[in-house]
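S.K.: sequence? don't have it. structure:
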């Protein structure tokens, strides 16, 4: 077990690498599975020095649900932003927002920031020195506190639970 | 039948890409324009990729490359938007609303 852990220090990363390799080559031939597995074993080992702290996926099921939720939100919010852009009489109310972070793990913050950027209407710009405030820019803000509360409940809470931090 | 489905996805994709470009003209400042590329592309490109997947799969060769394109896009789009915004903020690019302090 210990040997296995040393050989495969990042099992999920290795699995993703193998899948990406097979997708890139669009094949399931034995040769590529072998080559992909080799890459999946060597790359995590070669990049070991660059890895920050380990972060465990506490709830894979919830992570899948979260992914689907984000995909759905992207679709809905895209349509909303399209409406905002195409309606010439509509005056936009853009704003910078300081979003107080609850999670403090670097990777979890990265995931949250990426989620915020991908869902239309908001872009994450910066995180402050001690990682407690995320600076966002929003296209059209009605109620700043409501937006913060929504991001907190919809994205930050699940991320917190998924990574257990 | 499949042709119709592919066409619908292509039109949706092209439509959202167009909306993104219109947004680029219509929006007032750099920070709001930034919303275009990260947004319109996600759904617009998503629809185009679904069309591509259906087209090639219907010709008998399963094509799943598109999943990778989606994955890489989702990983890189937020990073580039983030860097652009950060650089703009650092240079104090003009904004419609008051800029926050730089060190925050």
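M.R.: Okay, I see it. Source: prediction; values computed, not measured.
S.K.: going forward, measure contacts between C-alpha atoms and count neighbours the same way
M.R.: Will do.
S.K.: got the buried residues for the longest helix seen in chain A?
M.R.: If you go by DSSP state H, chain A has its longest helix at helix A:60-86. Counting neighbours by 16 or more other CA atoms under 10 Å in any protein chain shown, one finds that the buried residues in helix A:60-86 are A:63, A:66, A:70-71, A:74-75, A:77-79, A:81-82, A:84-85.
S.K.: mean confidence for the helix or strand harbouring residue B:72?
M.R.: In the assignment (DSSP states H and E), residue B:72 maps to helix B:65-90. Mean pLDDT, helix B:65-90: 83.
S.K.: helices or strands next to that helix in the packing?
M.R.: If you count contacts as 3 or more CA pairs under 8 Å, 6 or more residues apart in numbering or on different chains; DSSP states H and E, helix B:65-90 packs onto helix A:11-25, helix A:106-118, strand A:122-127, helix B:35-58.
S.K.: most packed of the ones you listed?
M.R.: Most buried of those by mean neighbour count (mean count of other CA atoms under 10 Å in any protein chain shown) is strand A:122-127; its value is a mean of 26.
S.K.: chain neighbours aside, what residue packs nearest to the most centrally placed residue in chain A?
M.R.: With distances taken as CA atoms, centre = their mean, residue A:111 lies nearest the centre of chain A, 3.1 Å away. Leaving aside its sequence neighbours, residue A:111 sits nearest to residue A:159 (CA to CA, 6 or more residues apart in numbering or on different chains; 7.9 Å).
S.K.: wasn't the one you found part of a helix?
M.R.: Yes - using DSSP: H, G, I helix; E, B strand; the rest coil, the assignment for residue A:159 is a helix.
S.K.: contacts for stretch B:29-46 next, please.
M.R.: A:74-75, A:78, A:94, A:117-123, A:137-139, B:12-17, B:19-21, B:23-24, B:27, B:70, B:73-74, B:77-78, B:81, B:85, B:88, B:93-96 (CA atoms under 8 Å, 6 or more residues apart in numbering or on different chains).
S.K.: noted, bye for now.
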